[in-house]
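# mind folding the following:
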Amino acid sequence: MQTPVVYLAFSNNRDDYLPLVNRERKSLTRILHDKDEAGVVKVITEASATLEDIFEYFNRYRNRVVIFHYGGHASGRTLELETPDGSGRSAGAAGLAALLGKEEELRLVFLNGCATQGQVATLLENGVKSVIATSVPVQDKMAVEFSEQFYNALSGNASVGSAFDIASSFIAAKYRNAEPLKIYRGINFDHVGNNGKLCWGLYTQEGNEEILGWSFPHRPVQPLVIKNRFSYVEKPDVNDLLIEIVCDAVADNNPDLDYELRKEPINIPAIKREIVDSFPTPIGEQLRKLFIRADDSRQPDAMQGFTLARLRQITQTYQTTMQFLCFTMLSQLWDIKHSQPGMALEDGFIVDLNSFFAKRDGQAYVFDYSRLVRAISGFFDQQNIPYFIDEFKLLSQDGPHQADLNKAIYFLKETHGAILSGKLDDNQDVETRCKQGEEQLGILLRELAFLVKYKLATIKNIELIKRRHEKPRYRHNQILLNRALTVASTGGPSEVGQIFENFTDSKCVLFLKTKGEQVLDYLNLSPFIIDENALKNDYNTKLYLYAYSEKDNYFFQFLNNAKEAPITVNRQQHPEIKDQLDRFKAQFLGLEYQATAVPANETRRRFPRKRY
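Prediction:
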């Protein structure tokens, strides 16, 4: 099968210049780069499209184009294309519709110009399966941002319908007066666009609504050749590959695991326990679920076989790992922005950050955290900013380790997308992906084994200890989260008081660098990770991770159980967390900030603060 083609065509007019068309072209090319590099699709970008260019490319890639995107001036009857001498020329909708309708593999035509809805009926009548078009003139910036969010979601393995919803949610959140965007079936659209506010619509042929579920294809996996040091060379059991690959790297920073690996015979349950306890709790909790074994061997748990449920958990471990890394980097970025208010961010980075806050209910599982991690990392490297996690710098350097890491991330991301889209072929495909997924997850965690050196803790409160003629010291009432599972019961991890010569933030989740009685540095991961019990002054700990937002509400998912309803953060519940998220968005995205009223017994713990 030949590689599908995404054709991006752009056009501008020297007399009526659209300054952001170039940004749209660069953004979409960058967003789709990973898919192109992996051979999933071939991306063709034409910066100054002429009518001859369009016909030439469709003839060259006959029945291979799956998406045709146009960005530039347009109307209900024409696309304003360029000519070889740089002047403009109108291309009639009827002729283009006839061309596009003959493309057997074409799944979507995206007309990102002013009031292109008038072309939709002609396109659908000619056989085009789905069209995104505008019913009224649209602002240049809004048009670019909508297409950026749409393709960002699509490249993250969302379907056409889901990607449209995500982009729509972003527009609704940023432009509060915008009407909800809709999906239309059929070709009678006379009623659309009369209110002067509605911009984009997703239109499909009547009876062909399954096109809304289309997404980019996934590459088939290759059979896995397994060679390792344990006794399962011929037919590995579940977790064997994962343990084999990750254990030595973790043991370098965990003497207890190193001790277990030197035992004869090897105690696999003890090794599993040490691996789980070594990683920060968000990652360790997902590993614990992979290592589950049923008490009754006659009724094995779904995690004990190469099942679809196990494959889901493998990719969930990957997602949570990237989510945790993303939150650490966002937290450091905010600290830097606070100390350098004039720091400017590139448009490409803002696109990814917009996508992060555009997530809505049901869309959090689709989000590509690795893309945002890569964007922040690129910004740090460009600005020569030292990483809080020192070892991140090594991951950004070219070499075999980076190649292995990139391969692992891509495989796990693609497998996650295949599960979400229901595109796994058969049980054999699931078993093969499970085995290879273990290998790639092991490689990912092996390259991130340095996380074992850092402490993750909930700081409940801080007490000043000051005796006469002595330097002040600070007792941090904390719960260490590297060696504890987050539970809500009283049988969970206990709170301990540790005395340091300096102090950190309180009632938050911190990533700590410590040496003896000194806190060398710390990174406040709240408001992206919160401990609800700390906020409520309750015993033990209950961790929640930021998931999505809707209107003035933020939603956090319980780490231990994704099926549990998320908690809501708003003006009534945990207002101090809402205030922090509002300020983050205001500082980075230029949104309006209105301080959230916080009860008198609370303080806004992040900025201003004193650090030693």
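# what residues sit buried inside whichever strand or helix holds residue 28?
Using DSSP states H and E, the element containing residue 28 is helix 21-31. By neighbour count on 16 or more other C-beta atoms under 10 Å, the buried set for helix 21-31 is 21, 23, 24, 25, 27, 28, 29, 30, 31. Glycine gets a C-beta too; all of them are placed from N, C-alpha and C.
# now for the next helix or strand after that helix, which elements pack on it?
Proceeding N to C from helix 21-31, the next assigned helix or strand is helix 33-37, under DSSP H and E. Other elements packing on helix 33-37 under the criterion 3 or more C-beta pairs under 8 Å, 6 or more residues apart in numbering; DSSP states H and E are strand 42-46.
# quick one on the thing from earlier: quick check: which of the buried residues of helix 21-31 has the minimum pLDDT.
The member of the buried residues of helix 21-31 with the lowest pLDDT is residue 21, at 87.
# what about the stretch 51-200 of the chain, any weak spots by pLDDT?
85-88, 176-198 (pLDDT under 70).
# all helices for it, in order.
In the stretch 51-200 of the chain, the helices defined using DSSP state H, counting those that start in this stretch lie at 51-60, 93-101, 120-125, 140-155, 160-174.
# tell me the angle of the second one relative to helix 51-60?
For helix 93-101 and helix 51-60, the angle between their directions (axes from the mean of the first three to the mean of the last three C-alpha atoms, to 10 degrees) works out to 20 degrees.
# quick one: buried residues of helix 93-101?
Quick answer for helix 93-101 (16+ other C-beta under 10 Å): 93, 96, 97, 100, 101.
# can you redo the residues you listed as TSV with distance to residue 313?
Listed next are these as TSV, based on distance: C-beta to C-beta, whole Å:
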residue	distance to residue 313
93	49
96	47
97	46
100	42
101	44
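# of those, just say which sits nearest to residue 470.
Among these, residue 100 lies closest to residue 470 (C-beta to C-beta), at 79.4 Å.
# could you look up the SS state of the closest residue to residue 480 other than its chain neighbours?
Closest residue in space to residue 480, ignoring its immediate chain neighbours: residue 457 at 5.2 Å, by C-beta to C-beta, 6 or more residues apart in numbering. Assigned with DSSP: H, G, I helix; E, B strand; the rest coil, residue 457 falls in the strand class.
# which residues touch residue 457?
Each residue near residue 457 by C-beta atoms under 8 Å, 6 or more residues apart in numbering is listed here: 476, 478, 479, 480, 481, 509, 510, 512.
# can we see that at 6 Å?
Counting by C-beta atoms under 6 Å, 6 or more residues apart in numbering, residue 457 makes contact with 478, 480, 481, 510.
# what do you get for residue 522?
Residues near residue 522 by C-beta under 6 Å, 6+ apart: 504, 510, 512.
# the second one falls within a helix, correct?
I take that to be residue 510. No: counting by three-state DSSP, residue 510 is not part of a helix but strand.
# one step back: and the contacts of residue 522, which is closest to residue 136?
Nearest to residue 136 among these, with distances taken as C-beta to C-beta, is residue 510, at 48.8 Å.
# need the contact list for that closest one.
457, 459, 504, 522, 524.
# excluding chain neighbours, what is closest to it?
That would be residue 522: by C-beta to C-beta, 6+ apart, it lies 4.9 Å from residue 510.
# what's that neighbour sitting at in phi/psi?
Main-chain dihedrals, residue 522, degrees, to the nearest 10: phi -150, psi 160.
# all helices for the stretch 451-600 of the chain, in order.
So, for the stretch 451-600 of the chain - with DSSP H, counting those that start in this stretch - the helices run 532-535, 575-589.
# now the element after the lowest-mean-pLDDT helix or strand in the chain, going C-ward?
When the helices and strands of the chain are scored by mean pLDDT, DSSP states H and E, strand 182-185 comes last with a mean of 56. Using DSSP H and E, the helix or strand that follows strand 182-185 in sequence is strand 200-204.
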